[in-house]
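Asks: sequence and predicted structure, then a few things I'm wondering about:
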Amino acid sequence: MFVFIFAGCEDAVRVEQKKIEEETDHISKMIDGPYVLNNGTGLISYTADYYGNTVSENVKYGDTLKVIVPYREPEVFLFMLRKDFTVPDAETEGGDKIFATSDIEGNYYALTKLLIGNGIVDEKLNWTFWKNHLVFDGDMVDRGEYVTQVLWLMYKLDRQAQKAGGHVHFILGNHDVMCMAGDSRYARDKYLDMAVRLNIEYKELYGEKSEIGRWMRTRNAIEKVNGYIFVHAGISSDVLDLDMSLKEMNGIMRPYYGMKITDTVPNDVYKLFKTSGILWYWGCQNSKSGAYPKATDDLLERTLARYGAKAVVVGHCLVDKIETRYSGNVVMMDVHHT
């Protein structure tokens with residue numbers, strides 16, 4: 001039997017998260033990293049410690065690195081640095097379960113509670129979801145104090161899931177792409193401060209010479225998993241009229257991650273990235289004060305027919321609880337995580 005699990009966050013967890021953040025705010029503002037950057041001759045790992053010092057060390061692929069999360073359980077987790085990544089398929093079948101969440105936005109505490117509590121990982125944050133699917137439907141970064149820790153945890157689980165025959169699907173959202181392009185409007189000061197310490201631009205923390213940025217560039221912006229389309233914002237009529245496969249969309253967008261998108265790029269690229277594109281479109285959720293045409297039942301039916309899908313699953317727009325709209329053709333799951 002196929003089971004589909006959508007992840008929310010209970011009030012008790014939100015209250016405890018607020019309490020912990022108030023007690024440890026001064027520490028969380030200092031701890032960050034590691035950032036692994038290629039300087040042209042090798043890899044160097046940079047970490048900000050408890051005292052605000054920047055610690056660097058030479059590392060290489062295959063090394064095991066440590067991530068610190070103060071006053072969390074566990075406070076430390078390990079991951080192996082990988083040289084080669086596989087671009088995920090745009091369409092995947094198999095496994096008995098899908099566990100899906102979105103818009104974590106650097107909230108490591110909520111993320112680990114969800115994963116441990118639902119049997120996706122064990123208490124040491126190792127993959128236990130066997131051959132099943134874990135889907136992050138965009139916006140894992142910005143706003144929170146533990147963006148780097150969240151990204152490395154996903155990076156770690158991606159490898160562990162592959163070894164077990166399972167899958168971690170990190171569907172890029174507008175904020176994930178904004179970070180790669182250097183848009184820091186929603187980033188905490190600690191990340192801007194880290195870039196200053198390293199004498200680089202903010203975008204280089206997630207750039208092509210950054211190991212976490214190199215991994216993020218292999219991720220997709222839209223996928224179909226066991227018949228469900230996962231896309232951060234939605235599919236507008238402008239996108240549907242491009243008449244592209246999901247694989248084609250990802251292939252066209254990938255070279256432009258990290259770039260500022262203007263109307264000078266090819267028209268199909270512009271339509272995929274901009275306000276009616278799959279990273280930003282609000283039409284399935286609301287009309288954004290009339291700025292976005294409201295999606296219609298006909299549009300959703302044509303979308304599902306075009307891609308042979310059961311439903312479109314989105315994040316992007318905050319809702320009080322996970323819900324379906326358009327006669328079940330759209331699932332909205334961006335719920336409060338703090």
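Replies: Arrived safely. Numbers count the residues shown, from 1 in each chain.

Asks: okay, CA-based contacts and neighbour counts for the rest of this
Replies: Will do.

Asks: where does residue 250 land in three-state SS?
Replies: helix (DSSP: H, G, I helix; E, B strand; the rest coil).

Asks: OK, contacts around it?
Replies: Taking Cα atoms under 8 Å, 6 or more residues apart in numbering as the contact definition, residue 250 lies against 90, 220, 221, 222.

Asks: in a markdown table: the residues you listed, plus neighbour count.
Replies: Output for those, formatted as a markdown table (neighbours: other Cα atoms under 10 Å):
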| residue | neighbour count |
| --- | --- |
| 90 | 21 |
| 220 | 25 |
| 221 | 29 |
| 222 | 28 |
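
Asks: any chance of those in TSV, with pLDDT and distance to residue 209 too?
Replies: Shown next, in TSV, are the contacts of residue 250 (pLDDT from 0 to 100; distance: Cα to Cα, whole Å):
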residue	pLDDT	distance to residue 209
90	98	25
220	98	19
221	98	21
222	98	24
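
Asks: and those as CSV, adding distance to residue 144 and secondary structure?
Replies: As requested, those are exported to CSV (distance: Cα to Cα, whole Å; DSSP: H, G, I helix; E, B strand; the rest coil):
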residue, distance to residue 144, secondary structure
90, 29, coil
220, 23, coil
221, 22, coil
222, 24, strand
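
Asks: buried residues in stretch 47-61?
Replies: Using 16 or more other Cα atoms under 10 Å as the test for burial, stretch 47-61 gives 47, 48, 49, 50, 54, 59.

Asks: quick check: mean pLDDT of it?
Replies: The pLDDT scores in stretch 47-61 average 91.

Asks: what lies in contact with it?
Replies: Taking Cα under 8 Å, 6+ apart as the rule, stretch 47-61 contacts 27, 30-35, 42-46, 80-83, 194, 197.

Asks: weed out the non-buried ones from the residues you listed.
Replies: Buried among the contacts of stretch 47-61 by 16+ other Cα under 10 Å: 27, 30-35, 43-46, 80-82, 194.

Asks: and the furthest pair within the buried residues of stretch 47-61?
Replies: 50 and 59 (21.2 Å; Cα to Cα).

Asks: on that earlier part again, point out the ones among the buried residues of stretch 47-61 that are inside strands.
Replies: Those of these mapping onto strands are 47, 48, 54, 59, per DSSP state E.

Asks: out of those residues, which is nearest to residue 99?
Replies: residue 47 (31.4 Å).

Asks: can you name the residues bridging to that closest one?
Replies: residue 55 (DSSP bridges).

Asks: show me the shaky parts of the stretch 1-150 of the chain.
Replies: 1-29 (pLDDT under 70).

Asks: give me that answer again for 80
Replies: 1-30, 50, 52, 70-74 (pLDDT under 80).

Asks: residue 62: neighbour count?
Replies: 11 (other Cα atoms under 10 Å).

Asks: excluding its backbone neighbours, what's nearest it?
Replies: residue 81 (5.2 Å; Cα to Cα, 6 or more residues apart in numbering).

Asks: and that neighbour, what does it touch?
Replies: Residue 81 neighbours (Cα under 8 Å, 6+ apart): 60, 61, 62, 63, 64, 65.

Asks: next one: residue 202
Replies: Taking Cα under 8 Å, 6+ apart, one finds 182, 184, 191, 192, 195, 196 in contact with residue 202.

Asks: quick one, helices of the stretch 51-200 of the chain?
Replies: 108-117, 147-164, 174-180, 189-197 (DSSP state H, counting those that start in this stretch).

Asks: from those, which stretch is densest packed?
Replies: helix 174-180 (a mean of 24; mean count of other Cα atoms under 10 Å).

Asks: what helix or strand does residue 238 sit in?
Replies: helix 237-240 (DSSP states H and E).

Asks: which elements pack onto that helix?
Replies: On a contact count with 3 or more Cα pairs under 8 Å, 6 or more residues apart in numbering; DSSP states H and E, helix 237-240 meets helix 267-273.

Asks: wait, residue 165 sits on residue 128?
Replies: No. If you go by Cα atoms under 8 Å, residue 165 and residue 128 don't touch, sitting 11.1 Å apart.

Asks: please identify which of these two sits among more neighbours.
Replies: Between residue 165 and residue 128, counting by other Cα under 10 Å, residue 128 is the more crowded of the two (18 against 14).

Asks: the more buried one contacts residue 121, doesn't it?
Replies: Yes. Using Cα under 8 Å, residue 128 makes contact with residue 121 at a distance of 4.9 Å.

Asks: hmm, residue 208 is touching residue 218, no?
Replies: No. Using Cα under 8 Å, residue 208 is not in contact with residue 218; the gap is 10.8 Å.

Asks: residue ranges for the strands of the stretch 1-150 of the chain, please.
Replies: 3-6, 32-38, 43-48, 54-59, 64-68, 76-80, 91-92, 97-101, 133-136 (DSSP state E, counting those that start in this stretch).
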